[in-house]
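*Asks:* I need the structure of the sequence given here:
(one chain, ligands or ions: 1)
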Amino acid sequence: MRKLNIAMIGYGFMGRAHSNAWRQVRAFFDVPYEPVLKVICGRNEAAVKKVAEDFSWQEYSTDWQDVVTRDDIDVVDICSPGYTHAPIAIASAEAKKILFCEKPLANTLQEAEQMLDAATRNHCLHMICHNYRRAPAVSLARELLNNGDLGTIYHYRATYLQDWLRNPEFPTRWRLDKSKAGSGALGDLFSHSTDLGRYLVGEITNVTALLKTFVSERPVINSQERAHVDVDDAALSLVQFKNGAIGSIEATRYATGRKNFNRFEINGSRGSLAFNLERMNELEFFSDEGPNSGFRTIQVTDKTHPFLSGWWPPGHIIGYEHTFTHTVFELLQAISEDRLPTPNFEDGVQNQRVLDAVERSSTTGTWQSV
Ligand SMILES: NC(=O)c1ccc[n+]([C@@H]2O[C@H](COP(=O)([O-])OP(=O)(O)OC[C@H]3O[C@@H](n4cnc5c(N)ncnc54)[C@H](O)[C@@H]3O)[C@@H](O)[C@H]2O)c1
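*Replies:* Here you go, the predicted model:
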């Protein structure tokens with residue numbers, strides 16, 4: 001089996017999630033390549049060495065420029081903050097690597113377009129990690145929608161709620177600094193709900209939106225100083241879809257009690273669907289079959305359900321990390337078939353157009369086209 005050498009930039013939350021996915025995929029799915037965890041890269045040598053050991057990476061490095069130009073690297077997996085995505089992806093594209101990048105694709109629409117352009121010019125395969133598409137219940141929702149089981153789609157109602165910033169004394173970090181993160185709840189959470197809306201319902205054409213920062217100064221760790229917060233804490237939008245459906249998307253880090261409440265409901269003329277990541281093995285489905293029809297909960301763990309043939313017997317549930325394994329499975333299949341995986345940088349750019357329209361709407365107080 002051909003080996004595929006991976007270089008990963010970033011070893012934090014996503015670095016660990018992706019390391020785990022690359023390690024797991026071959027053990028559970030019939031993949032055309034053997035992913036080799038070749039080199040993991042970060043700025044802090046002691047910390048990157050520790051993660052390299054934990055996940056059995058062959059090497060570690062503190063110099064991403066050196067890593068992405070190495071001849072023995074096939075895939076560059078970008079798991080670092082948003083402000084690093086464009087320089088790393090563009091340098092990797094010039095070095096003709098396969099590109100796998102965390103979301104949102106970049107900090108601005110212009111950067112995202114430059115990344116897509118570099119990837120296209122250099123004939124690189126590219127993928128963005130909107131992993132929730134590959135929760136089996138979400139993939140099943142897409143199958144039901146594609147079958148026409150919901151009829152004409154009227155509504156997409158999405159909320160992505162967390163609460164880790166509700167304490168005003170919670171210290172600042174890169175996610176609260178616009179120069180590093182690009183935006184707050186908008187790029188972090190709203191972008192996921194936007195991707196699911198695009199995946200399940202279709203293109204978003206117009207938005208009206210509100211961005212709000214509740215706490216504008218926060219403590220700096222190990223310092224008496226306080227830092228200005230220049231990103232949104234919450235993003236709230238009405239959206240219109242090309243196919244005539246309408247929707248709402250709400251993302252916040254201040255929904256006290258909600259931890260990772262990534263939920264959507266879709267209503268059509270013949271049926272409805274609802275999903276919540278906190279109960280990710282379940283899909284709620286209503287199909288109008290007369291007065292006794294009601295919402296039923298499908299436990300999405302059957303061998304016939306998307307991705308489940310690779311895992312455990314029915315009822316033996318799977319979790320968050322599996323969505324990443326399924327995502328790299330798609331990437332490996334696409335590489336072997338010499339096609340673009342989905343979602344890719346084109347989806348990332350389109351997503352960024354929605355985020356850009358949300359920002360414009362929040363500034364002008366008017367509807368904006370995407
Ligand atoms: N798909 C998802 O569900 C999901 C979830 C969380 C984060 N993300 C995305 O993943 C990316 C990383 O987020 P995270 O939560 O893992 O962050 P994190 O803070 O946990 O880790 C960031 C990593 O990037 C490294 N890094 C920072 N600046 C760097 C630089 N200049 N050069 C090299 N390495 C650098 C850090 O050392 C660290 O290892 C972001 O784009 C974020 O939006 C996606």
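*Asks:* near the ligand, which residues of the stretch 101-250 of the chain show up?
*Replies:* Counting by Cβ under 6 Å from any ligand atom, the stretch 101-250 of the chain comes close to the ligand at E102, K103, C129, N131, D188. The way it works is simple: take the backbone N, C-alpha and C, and place the C-beta from them, glycine included.
*Asks:* So which of those sit within strands?
*Replies:* Cross-referencing those against strands under DSSP state E gives E102, C129.
*Asks:* Output the residues of the stretch 101-250 of the chain next to the ligand as TSV; include the columns distance to P291 and neighbour count.
*Replies:* Converted to TSV, those look like this (distance: Cβ to Cβ, whole Å; neighbours: other Cβ atoms under 10 Å):
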residue	distance to P291	neighbour count
E102	47	25
K103	43	24
C129	44	26
N131	39	26
D188	43	22
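*Asks:* and stretch 54-62, average pLDDT?
*Replies:* For stretch 54-62, mean pLDDT is 98.
*Asks:* Show the end-to-end separation of it, please.
*Replies:* For stretch 54-62, the first-to-last residue distance is 17 Å (Cα to Cα, to the nearest Å).
*Asks:* Nearest spatial neighbour of the closest residue to the ligand within the chain, chain-adjacent residues omitted?
*Replies:* Residue nearest to the ligand within the chain: G12 (2.1 Å; Cβ to the nearest ligand atom). Nearest residue to G12 in three dimensions, chain neighbours excluded: C79, at 7.1 Å (Cβ to Cβ, 6 or more residues apart in numbering).
*Asks:* tell me the contacts of the one you found?
*Replies:* By Cβ atoms under 8 Å, 6 or more residues apart in numbering, the contact set of C79 is M8, I9, G10, Y11, G12, M14, G15, A17, H18, E102.
*Asks:* any chance of the residues of the stretch 101-250 of the chain next to the ligand in TSV, with pLDDT too?
*Replies:* Listed next are those as TSV, based on pLDDT from 0 to 100:
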residue	pLDDT
E102	98
K103	98
C129	98
N131	98
D188	98
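*Asks:* Just give the number of residues close to the residue lying closest to L277 once chain neighbours are set aside.
*Replies:* In space, L277 comes closest to N262 once its chain neighbours are excluded; the distance is 3.9 Å by Cβ to Cβ, 6+ apart. Per other Cβ atoms under 10 Å, the neighbour tally for N262 reads 23.
*Asks:* Equivalent analysis for G310, please.
*Replies:* By other Cβ under 10 Å, 17 other residues sit near G310.
*Asks:* Dump stretch 175-189 to CSV, keeping only the CA atoms.
*Replies:* Extracted C-alpha coordinates of stretch 175-189, given in CSV (Å, rounded to 0.1, in the frame of the first residue of the first chain):
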residue,chain,number,x,y,z
ARG,A,175,-9.7,33.5,19.8
LEU,A,176,-10.5,36.9,21.3
ASP,A,177,-8.0,38.8,19.2
LYS,A,178,-9.2,39.8,15.7
SER,A,179,-5.7,39.9,14.3
LYS,A,180,-5.3,36.2,15.1
ALA,A,181,-8.9,34.8,14.9
GLY,A,182,-10.5,37.1,12.3
SER,A,183,-13.7,37.1,14.2
GLY,A,184,-15.3,35.5,17.3
ALA,A,185,-18.4,33.3,17.5
LEU,A,186,-18.9,34.2,13.8
GLY,A,187,-15.9,32.3,12.4
ASP,A,188,-15.7,29.8,15.2
LEU,A,189,-19.3,28.6,15.5
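*Asks:* where's it relative to the chain centroid, distance-wise?
*Replies:* 14 Å (Cα atoms, centre = their mean, to the nearest Å).
*Asks:* Tell me where the stretch 201-350 of the chain has strands.
*Replies:* 204-212, 217-219, 226-228, 234-241, 246-252, 261-268, 271-276, 282-287, 296-299 (DSSP state E, counting those that start in this stretch).
*Asks:* Now render these as JSON lines, adding distance to G197 and mean pLDDT.
*Replies:* Formatted as JSON lines, those follow (distance: least, Cβ to Cβ, whole Å; pLDDT from 0 to 100):
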{"stretch": "strand 204-212", "distance to G197": "6", "mean pLDDT": "98"}
{"stretch": "strand 217-219", "distance to G197": "31", "mean pLDDT": "97"}
{"stretch": "strand 226-228", "distance to G197": "32", "mean pLDDT": "97"}
{"stretch": "strand 234-241", "distance to G197": "7", "mean pLDDT": "98"}
{"stretch": "strand 246-252", "distance to G197": "6", "mean pLDDT": "98"}
{"stretch": "strand 261-268", "distance to G197": "8", "mean pLDDT": "98"}
{"stretch": "strand 271-276", "distance to G197": "12", "mean pLDDT": "98"}
{"stretch": "strand 282-287", "distance to G197": "17", "mean pLDDT": "98"}
{"stretch": "strand 296-299", "distance to G197": "21", "mean pLDDT": "98"}
